[in-house]
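Participant: Below are the sequence and a predicted model; questions follow.
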Number of protein chains: 2
Amino acid sequence: MIHLKALQEWLVGSGLSGFILPRTDAYLNEFIPARAERLRWLTGFTGSAGVAVVFPNKAALLTDGRYTLQARQEVNGCEIIDSTKTTLAEYLAAQGSGIFGYDPALHTRKDLKAWEDKAEGRVTFNPLVENPIDALWNGQPEESVSPVRAFPERIAGLSAAQKIVLIRQDMKGAHVQAVLITRPDSVCWLLNVRGADVPYTPLVLSRLLLMENSCQWFIAPQRVPQDVRAALGAGVTIRPPEELEIVLRGLGKEVVLGLDPARTSLWFYQQTQATIKDFKDPCIDRRAIKTQAEQESMREVHRRDGQAVAALLRWARESRDYDENDVARKSEVLRRDMANDFVSLSFPTIAGFNANGAIIHYRPPEAGSARISGQGLLLIDSGAQYEGGTTDVTRTIAIGPPTAEQMRHYTLVLKAHIAVASARFPEGTTGAQIDALARHVLWQAGLDYAHGTGHGVGVFLSVHEEAASLSPRGQEAVKPGMILSNEPGYYQEGAYGIRIENLILCVETGETDALGRKILAFEDLSLVPYDHTLIDERMLSAAEKEWLAAYEARLKK
Amino acid sequence: MIHLKALQEWLVGSGLSGFILPRTDAYLNEFIPARAERLRWLTGFTGSAGVAVVFPNKAALLTDGRYTLQARQEVNGCEIIDSTKTTLAEYLAAQGSGIFGYDPALHTRKDLKAWEDKAEGRVTFNPLVENPIDALWNGQPEESVSPVRAFPERIAGLSAAQKIVLIRQDMKGAHVQAVLITRPDSVCWLLNVRGADVPYTPLVLSRLLLMENSCQWFIAPQRVPQDVRAALGAGVTIRPPEELEIVLRGLGKEVVLGLDPARTSLWFYQQTQATIKDFKDPCIDRRAIKTQAEQESMREVHRRDGQAVAALLRWARESRDYDENDVARKSEVLRRDMANDFVSLSFPTIAGFNANGAIIHYRPPEAGSARISGQGLLLIDSGAQYEGGTTDVTRTIAIGPPTAEQMRHYTLVLKAHIAVASARFPEGTTGAQIDALARHVLWQAGLDYAHGTGHGVGVFLSVHEEAASLSPRGQEAVKPGMILSNEPGYYQEGAYGIRIENLILCVETGETDALGRKILAFEDLSLVPYDHTLIDERMLSAAEKEWLAAYEARLKK
């Protein structure tokens, strides 16, 4: 059931040429609450990234390469456009003229600037006071109000009060008197709280205004239990969400308000008279460097998660007559059974057999997923949220005897994985440089993969966290205390996919190089065996074999 | 003989707190004519990068790490400041208040912006109509007016008229109606002319104004011989340099004039009413991609240059009782004797024995340079200008039997060098990623080098040419047709330096990767043997040995 027609009828009387609807929520989340699944309601598209542009007599859905195939299967009545070839801004500008409506809660200033720059005045953009979908959608779910829980200081390593001191230092350094934190993961990190307002990430959807001598948390007061209030202390005031608008309107021109143009909905810019200064959400860089307590908790969580994943791999190897969806279900069941602090998966499990493994963001359908039998490769990418941390690990295993080519490809990906895992590098080295170490191995064989080598990961928070990213465009330095994924791959379209992923912690080696810079390295957090039936030992160097033996010795402890 | 006192006396009556004097000329050249050696005249400093700030009663010389030691030896009466730790902008801002004079011909808009941003209004900067040094310097050399010669189209691969068409396309794409080319290397490339106005680079110091239907070259008409005029044709008008000011003043607001803020003296900004648009010198990216004819000419030149360098290395190994300066002289003599199109060295030869080899930009003194005898490593970095191209090559050789540690370090640097030379990578790969391939080898041993892995090189033009650079900050893609150096190193302070450098040409392999991108690789241009007495074969992989054997097979042809 899709509802394009309803929106198209609404458009006719609206005075608009079209309406822009992205797949996000007012918090610009990656995983969004059911209430915000407007794009799915409108078009039937279930991918995690995309934007529809709806006209009275046509519609387009722009989504990136990984989802265009899926979109064609799921969506009727929309032209499907690969957004890596035609950006939304280009598509809108190409309309030549018109007035497009958009919901300012779902877009950033950066988005609007990109549209306007391309359109050069020929197309105009109107912010709407209400999202038309919310009026049209009968039975739209309510906002989620999960219980708010304290995240123990023993795991966080710092109290909320201590973190607030640090952020106030950042504000002072940037000459801003107030900062509005609009990302829920930043608020949760700062206040040491967790909830369950969206799937897969233990978020409390809320916002926070930090000033030099006040800290106002905008959340329904009845959601905040006594132990959380006690941990927060007197320094944090709890106010109902609807008061945020009033508080913002009360800030005068004399207040310099820091807003992150890439992470703050346009809506907020329209609510205040304060002098706005571009200011990157200060929680992001602070949060990226994990405290000693967080590091220790992540180590502990990964030991248990690794045992569950090892059991999953054994089960997959030994079972008969099962399909990809059974693997996905089992990846949750085994973790839940093994750990009493298991909360949820950290993202929908990817279990792709043969050709499905080559679809980078494949998710097996609930019914009718591929049966796993005969010969082939099974790629399993899964992770979980435990009270003590977040995991994300990928293994590829052989079903039946592998071919020589499969072994060659697997061993190349393993060598790329080891190149990162065993790297030693001076402080200041960027993510793009580390990324090249993994790709180099594949490049020499004429291969590559169309995704980054690694992303940041939170501690019982987002599995995709902003921090130094190991990618060709990763300009930020990789720093001690950062937790990243290390996940090179190889995908042979229509045949099979290989990806090998561990989470790694950047650590100091205690040594310095000849130029006086600290030498850094990575410690593997994920502890899950590799499939030796897929390794061509002749392709490994002595150093690689040594690394592998040392890693596998840790599994036996 | 230094002349700080003269400037300090002049300052007393000038109304200025201080004067800023950088080591460059009005063309912002790397190698500058004798007339522009103002910093040397003022302070005695002979390094190639630095800036003095002179006050009535004190003075400072800021220069980067490679020159601070040298500056302390050469300069009296100046505080020596490491500009990598305190930038000029920071130093000026730290003065708290004052009015600083500067010569607008010697600074860019980018420079001034950096000073002003740091100073936040407390310090002000006054452009001076005349550089006070020119008034104080008795016997300042005249401007150089070397003969202008045609650079044959047979080598360039494109006529000036064809290049002008390309640049006009770039101007159209950027919506600029006029562009002022202020870099002499860009003018020489565009017009296919060469001269000898500065040492080491065959430049004609001149500027050019390109508009939609005119191309005005500002150079003393008597310098341009008939064959050059004939090759240029009617599309290029030759005008005396002093008319540039008049022409610029004649451009009205309705003309959009492209100026490169990082490469154009501030002086030009002050001469025109035109609407100025930031526009990177369009010759830079065009010139970086060498034509087939240029590539072929560079191959040919490198074959001959390689023989001269091989002879130099044999001579160094077999000779007794010589010093570093003899090596530097011999590097010129051998090239001159072997090639009748030898023009000059392309930079002062670096010949550093043992501890001197560890000084990255060491240049042996004319008299009293280190004697080469006993045991040690000799690093020789040299290059030449031939009529057909430019070379730059470094070899490190053992004098006497090397130590095991020297062999280990040499072999590590060789492995880093081979990692770049043998790399295969998809189009779009950046210089920072290639840079990491070389450093990775050294990082694993806790080593690194404090310079880039590679720089662009011109064709009978600048030995340091702007293009994709192989460095941690190299964000530009490496493209087919680019010529770069590949020169990793290792420097053990007080002991020895190792650097191995070839020029490499980026080429298409004819293959594409699984994502449909062209696979690129490098072809070595420099053909000079490596010192096998320094190679620990056990440290080389089979692939590295294979690369080495293939390279050395080319030497025998």
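Facilitator: Nice, I can see it.
Participant: which bits of the stretch 401-550 of chain A sit near chain B?
Facilitator: By Cβ under 8 Å from any Cβ of the partner chain, the part of the stretch 401-550 of chain A that sits against chain B consists of A:419, A:422-426, A:428-430, A:432-437, A:439-440, A:443-444, A:446-448, A:450, A:472, A:475, A:490-493, A:511, A:513-515, A:517, A:519, A:541. The way it works is simple: take the backbone N, C-alpha and C, and place the C-beta from them, glycine included.
Participant: Please list the members of those residues that lie in helices.
Facilitator: Counting by DSSP state H, those place A:A419, A:A432, A:Q433, A:I434, A:D435, A:A436, A:L437, A:R439, A:H440, A:W443 in helices.
Participant: Which one of those sits in the busiest neighbourhood?
Facilitator: For these, neighbours were counted using other Cβ atoms under 10 Å in any protein chain shown, and A:I434 has the most, 29 neighbours in all.
Participant: That residue contacts A:A423, correct?
Facilitator: Yes - if you go by Cβ atoms under 8 Å, A:I434 and A:A423 touch, sitting 6.3 Å apart.
Participant: Overlap of the contact sets of those two?
Facilitator: Shared contacts of A:I434 and A:A423, defined by Cβ atoms under 8 Å, 6 or more residues apart in numbering or on different chains, are absent.
Participant: Would you show me how to pick out the buried ones of the residues of the stretch 401-550 of chain A next to chain B in ChimeraX?
Facilitator: The buried residues among those can be selected in ChimeraX (16 or more other Cβ atoms under 10 Å in any protein chain shown) with this line:
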select /A:419,422,423,424,425,426,429,430,432,433,434,435,436,437,439,440,443,444,447,448,472,490,491,492,513,514,517,519
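Participant: quick revisit: could I get the ones in helices among the residues of the stretch 401-550 of chain A next to chain B as a markdown table with pLDDT and distance to A:E116?
Facilitator: Below are those laid out as a markdown table (pLDDT from 0 to 100; distance: Cβ to Cβ, whole Å):
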| residue | pLDDT | distance to A:E116 |
| --- | --- | --- |
| A:A419 | 98 | 43 |
| A:A432 | 96 | 30 |
| A:Q433 | 97 | 35 |
| A:I434 | 97 | 36 |
| A:D435 | 97 | 33 |
| A:A436 | 97 | 35 |
| A:L437 | 97 | 40 |
| A:R439 | 97 | 36 |
| A:H440 | 96 | 40 |
| A:W443 | 95 | 39 |
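Participant: Just list the residues touching A:L158, thanks.
Facilitator: Residues near A:L158 by Cβ under 8 Å, 6+ apart: A:L166, A:T291.
Participant: I'd like the distance from it to A:I167, if you could.
Facilitator: Separation of A:L158 from A:I167 (Cβ to Cβ, to the nearest Å): 11 Å.
Participant: likewise A:P147?
Facilitator: 26 Å.
Participant: Who has more neighbours out of these two?
Facilitator: Applying other Cβ under 10 Å to A:P147 and A:I167 shows that A:I167 carries more neighbours, namely 20 against 12.
Participant: element containing the more buried one, please.
Facilitator: Per DSSP states H and E: A:I167 is located in helix A:160-173.
Participant: For that helix, name the packing helices and strands.
Facilitator: On a contact count with 3 or more Cβ pairs under 8 Å, 6 or more residues apart in numbering or on different chains; DSSP states H and E, helix A:160-173 meets strand A:178-181, helix A:184-191, strand A:207-211, helix A:226-232, helix A:282-288.
Participant: tell me the angle of it relative to helix A:184-191?
Facilitator: 110 degrees (axes from the mean of the first three to the mean of the last three Cα atoms, to 10 degrees).
Participant: Quick check: nearest residue in space to the spatially most central residue of chain A, chain neighbours excluded?
Facilitator: Geometric centre of chain A, nearest residue: A:H464, 2.9 Å, by Cα atoms, centre = their mean. Nearest non-adjacent residue to A:H464, counting by Cβ to Cβ, 6 or more residues apart in numbering or on different chains: A:H455, 5.2 Å away.
Participant: what's the distance between that neighbour and chain B?
Facilitator: 18 Å (Cβ to the nearest Cβ, to the nearest Å).
Participant: Report the buried residues of the helix or strand where that residue lies.
Facilitator: Assigned by DSSP H and E, A:H455 belongs to strand A:454-456. Neighbour counts over strand A:454-456 (16+ other Cβ under 10 Å) mark A:G454, A:H455, A:G456 as buried.
Participant: now swap in stretch A:550-557 and tell me
Facilitator: For stretch A:550-557, by 16+ other Cβ under 10 Å, it's A:Y551.
Participant: for stretch A:288-299, same thing?
Facilitator: A:A288, A:K290, A:T291, A:A293, A:E294, A:Q295, A:E296, A:S297, A:M298.
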